[in-house]
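Asker: when you get a sec, could you give me coordinates for this:
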Amino acid sequence: MKQLGTHLVMDAWQCPSDLLNDSEHIRRAILDAVSAGEATLIDFCIHQFSPHGVTATATLAESHIAIHTWPEFGYFAADAFFCGKGDPRKAIEVLAESLQAQATKIRDFTRGFDPEFTPLADDSQPEFNWEKPISAISVRG
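Answerer: Next up, the predicted model:
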């Protein structure tokens, strides 16, 4: 596979609920993660849910960082997808530290082009098989 990017997906537990419900703290954490990852911020969106929870996305020249919080469970889910320059690992570490996660699980996915799959002809349609596990989905039979 020709690697085009790195996509890190993190689950984090045992975080203080007040931090997970503080949209300003989340904003600072994401902006600090962008800086630590040496990424280029293009746009930023944050939403405070009622009665609790925050979702934030940072659109980057390199791709994105996103976070979704569940303060009532002391849990958040985040991902950082970087193509080209930058270090998504440093960005993810900053989020975990800033939100004081006591336990994390981070999965690392290589994103890219597999030479086994040639481009589709102009008149062909991709085939999707959703019965396979998500990690085994193929766009061709």
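Asker: only C-alpha atoms from now on, for both contacts and neighbour counts.
Answerer: OK.
Asker: packing partners for the longest helix anywhere in the chain?
Answerer: When the chain is parsed with DSSP state H, its longest helix is helix 23-36. Packing contacts for helix 23-36, counted by 3 or more CA pairs under 8 Å, 6 or more residues apart in numbering; DSSP states H and E, involve helix 17-20, strand 41-48, strand 54-60, helix 88-98.
Asker: could you dump those to TSV with mean neighbour count?
Answerer: Listed next are the helices and strands packed on helix 23-36 as TSV, based on neighbours: other CA atoms under 10 Å:
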stretch	mean neighbour count
helix 17-20	19
strand 41-48	14
strand 54-60	21
helix 88-98	21
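Asker: below-threshold pLDDT in this structure: ranges please.
Answerer: Scanning the chain with the threshold set as pLDDT under 70 gives 118-141.
Asker: so residue 67, which state does it fall into?
Answerer: Counting by DSSP: H, G, I helix; E, B strand; the rest coil, the backbone at residue 67 sits in strand.
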